[in-house]
Structures are given as structure tokens and as C-alpha cells.
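Student: Sequence unavailable; structure follows:
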């Protein structure tokens, strides 16, 4: 009975426990759902450790978000660096052009001096055509130079013919003086010498030697002018004057030759100046060929002057390409960062879902502590269920 009293008191307490067990029956169904939550909490415990690593990734993604904006600006720089890579190869070819332009800059200064020579060569081109016509005159002047020497010998003959013209007038007055020929018998020997002079006068080529003998005759004729006895010798002089009349006509033709020789003397002086012009034209002919080659050089220098201005702009591009070469290496590292940021962008979306899971895990952590207390209650209810069956 004592034991039953205790059982009654226990049953009273169990009646309270029945109400508790009813509430616990609901808790059992909740514990079943929580058993699933426990398995989820195990997976979430791993997610918590992942979220801790992702919290660091979130701070990294914030720094990479700035890198994404930088990579977008560098993506344009990559396309620019590709165009500048071609510019670098062009600048290498233009670096050789710069050295060529330095050598051509001297040629430009030379071409400026030769531009004046081109204008001079154009004026001398007419002189070259004139020198070709005068080259024939030079050959003619060489033949006339001999005529000049002949005209000099004939100039003496002209002076002789003038003295003999006076002798012709004297011979006409002395024609009546034939009676005095006996006193001039000694003059026959002189006339014989003068007969030889007549034959000499026919050949005027040796007139210089004849002029020497006639110079003596002139001095003799002056002494014989007072002597009427020289008429016989002068009668022979009449025949000589006839031969000299022909010489006068020849001298008239030679007077024209003298005037021609005077004009040719000017031509000789002109030909001497033109001989210098011919030598100058020969040097200028080489200059013309040089100016033609330099005219091409001037056109090349004009094209290279544009290349120099282009090379100056590309020199700035080279300095830019050096800075962009570092940017390319940076862009290569950032290209990997872009691929990492793409994977992290997915991680950010996952972290957003996990942030909700963290809040859920916090609520479930409280549920785990509750489930621990309920697990003890379950064990207690099992013992009480046995007690109820026993009671």
C-alpha cells in the first residue's frame, strides 16, 4: 500500500506528465523535422566555415569590383596596345628613316645650292647650242689664223703698192725721158735684179722676202727721184707696175680679208671665252646629271620630311607604348583576375544565399539547443511511457 501511495502520487505526477507527453508528442514530430534540420545544420556548419572564407572573399570582391572597372578601361588599352605593337614595328623602320633623313638633310642644303645651278644650267643650255655652232667657228678660226698671218704680210704689200702707185705717176712723166737711157746702162744690172723681183712678186706667198728687197728699192727710188737718168730702170718698173696693178686688185680683195680678219679676231677672242664656256658647260653637264639625281632626292626628302613629322609623333607613341607595355603585363595579371572575379561573382551570389542561411543557422542553433533539451525529454518520456504501461 505504501508503494501504491507512492504510485498514486507518481500517477498524479504522471497525469501531469501525460499532459506534458502530449505536448512532447508534438515535440516528437518537431524533433523529426529537427532531425532533418540537424543533418542540414551539419551541412550548414561546413557552410559557416565556407562563409567565413567567403567573408574574406567578399572583401576581396569589393577590391576586385574596382579592378573590374579598371579591367574594362584596360580592355580598351589592350586593343590600343595591339595597334601600337604595329606602330612599334613601324617606328623601328622609321628609326632607320630618321638616320636616312639626317643624311638627306645635308642633301637638301646641297640641293638648295644646286637649285641655283639648275637655273644657271637652263641659261647655259642655250650657250651649249651656241657653243656647238661656234665649235665649227673655232675650226674656221684656226684656218683663218693662217690667213691673219698672211694678211699681215699683205699689209706690208699694201704699203708697198701705195709707194708704187706714186711710182706709176712718176713713170708717166718719165716716159719722155727715154733719151736718158744711155746714162742708165749701169741700171740694167739693177733691172736684172728687179726682173727677178718681178718673178718674186708673182709668187706673193714669199712676199716677206720680196718686201725686204723692195724696201731697199724704195730707198733707191728716193735717191733716183732727182736723177732723170733712171727712166730706163723705171720703164722696166712700168712692167713691174702692171704686175703690181694686179697686186692692187689682190690687195683690195685682201683689204676685205683684213676687215674679215678683224671681225675674226673678235671671233677668236669670243671663241677663247667660249672655249672656257665649253669647259664650264662640260662641268655643268655633269652638274645637270647630278641635279637630275638630286631632283629625285628632293622629292624623296619631301616625302621623308613628312616621315620625320610622323616619326616625331611616333616617338611619343613609343614612350606611350613603353608605359602600355607595363599595362599589358598588368592586364595579363588582371585577365586572370577577371576570370577569378567571374568565379567570385558567382560566389557573391552564393554568399548572398548563404547570408540567409547564416541567419537560418543562427535560428537553428537555438533549435539545436532546444532539441538537446528535448532529446532529454524524449528519453524521459520513454521512461515515463514504460512507467505508464507498468502502472
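Tutor: Here it is on my side, so go on. Computed from a predicted model, the values in this text were never measured in an experiment.
Student: What's the separation between residue 83 and residue 56?
Tutor: Going from residue 83 to residue 56 by C-beta to C-beta, to the nearest Å gives 39 Å. Any C-beta I mention is one placed from the backbone N, CA and C, and that applies to glycine too.
Student: Hmm, I typed the wrong one, I wanted residue 153.
Tutor: 129 Å.
Student: between the two, which one's more packed in?
Tutor: Just comparing residue 153 and residue 56: by other C-beta atoms under 10 Å the higher neighbour count belongs to residue 153, 16 against 9.
Student: what about that one, which helix or strand?
Tutor: Taking DSSP states H and E as the definition, residue 153 sits inside helix 2-173.
Student: can you tell me the average pLDDT over that helix?
Tutor: Averaged across helix 2-173, the pLDDT comes to 72.
Student: just checking, what packs against that helix?
Tutor: Contacts defined by 3 or more C-beta pairs under 8 Å, 6 or more residues apart in numbering; DSSP states H and E place helix 2-173 against helix 207-224, helix 231-390.
Student: what's around residue 272, how many residues?
Tutor: 12.
Student: same thing with residue 60?
Tutor: 17.
Student: That one and residue 67: what is the separation?
Tutor: 10 Å.
Student: where does the stretch 151-300 of the chain have low pLDDT?
Tutor: 151, 155, 157-158, 161, 165, 167-169, 171, 173-271, 273-281, 283-300 (pLDDT under 70).
Student: Please repeat the previous calculation with a cut-off of 50.
Tutor: Applying pLDDT under 50 to the stretch 151-300 of the chain picks out no residues at all.
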